[in-house]
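Engineer: okay, here's the prediction I keep looking at, along with the sequence it came from:
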Amino acid sequence: MASLNRAIRTLPKTSSLRPVTIRTNAALHRTYAIKPNPAAPNKPASAAEQASEEIHNEDTDPNMNGQYPDPSLHSALPIKRSLRDPYGGPNGPWWDPIERREYGEDLHEDNDILGVFTTEEYRHFTPGWGGVLMGTFIATVGALCAVVYQFYPDRPSVPRTFPGGLEAELGGPGAVRARMSDDEESVL
């Protein structure tokens, strides 16, 4: 263990251990903030009213989500992060390998549903193949029960028999009748 720690300390510090930052031109960055409209003493009240209407115009924010980037512009369907390539995206390894995200990548507004740790859609079997597997299981258990029933041994003993089949003891036609309430008293 000590030799492993010594080897790790002597290794040169490489950039693969730290996140890589990609520098891009500032003009290429997209901003999603609304254009500021500062208050000025020479503006009339109608201009301030018009400015507030422009901010809340449906053309600038059709989804009414506070100018958050529209995820449908990035892809036709939202993709669950657990279905992304675990080894990296188009620009190499993920900046956040657990959530499979690039540095600066916009979060989808349904991130709580599309994240890595959410319930995944079941993609192991199609419903048809699942039915075949379930039917095979039921048929196998039924066949096993039929084989066991067929080859199950008989009882190792013979049922006990009594002379006359205990007819008198069990209250058959030759048995002494029990006293009824309307019978006369016996003189014993």
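Structural biologist: Good, I have the coordinates. Numbers count the residues shown, from 1 in each chain.

Engineer: poorly predicted segments of this protein, please.
Structural biologist: 1-77, 188 (pLDDT under 70).

Engineer: tell me where it has strands.
Structural biologist: For the chain, strands defined by DSSP state E do not occur.

Engineer: biggest helix in it by residues?
Structural biologist: helix 127-151 (DSSP state H).

Engineer: and the contacts of it?
Structural biologist: F125 (Cβ atoms under 8 Å, 6 or more residues apart in numbering). Heads up, the C-betas are built off the backbone N, CA and C, glycines and all.

Engineer: domain assignment for this protein?
Structural biologist: 55-121, 124-152 (automatic domain parsing).

Engineer: can you get me a residue count around W94?
Structural biologist: W94 sits with 21 neighbouring residues when counted by other Cβ atoms under 10 Å.

Engineer: and the residue nearest to it when sequence neighbours are not counted, how many neighbours?
Structural biologist: Residue nearest to W94 in three dimensions, not counting chain neighbours: R100, with 5.1 Å by Cβ to Cβ, 6 or more residues apart in numbering. As a burial measure, R100 scores 22 neighbours (other Cβ under 10 Å).

Engineer: next: the one 5 residues further on.
Structural biologist: The local packing of E105 (other Cβ under 10 Å) involves 14 other residues.

Engineer: hmm, back to that, redo the domains of the chain as JSON lines? Include distance to G174.
Structural biologist: Written out in JSON lines, the entries for those read as follows (distance: least, Cβ to Cβ, whole Å):
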{"stretch": "domain 55-121", "distance to G174": "74"}
{"stretch": "domain 124-152", "distance to G174": "39"}
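
Engineer: of these, flag the one that's most buried.
Structural biologist: domain 55-121 (a mean of 13; mean count of other Cβ atoms under 10 Å).

Engineer: follow-up on the earlier one: dump the residue contacts of the residue nearest to W94.
Structural biologist: R81, S82, R84, D85, P86, G89, W94, V116.

Engineer: redo that, cut-off 6 Å
Structural biologist: R81, R84, W94 (Cβ atoms under 6 Å, 6 or more residues apart in numbering).

Engineer: quick one, phi psi at the last one?
Structural biologist: Yep, that's W94 we're talking about. phi -70, psi 150 (degrees, to the nearest 10).

Engineer: residue numbering should commence at 2 henceforth.
Structural biologist: With the count now opening at 2, the last piece we talked about shows up as W95.
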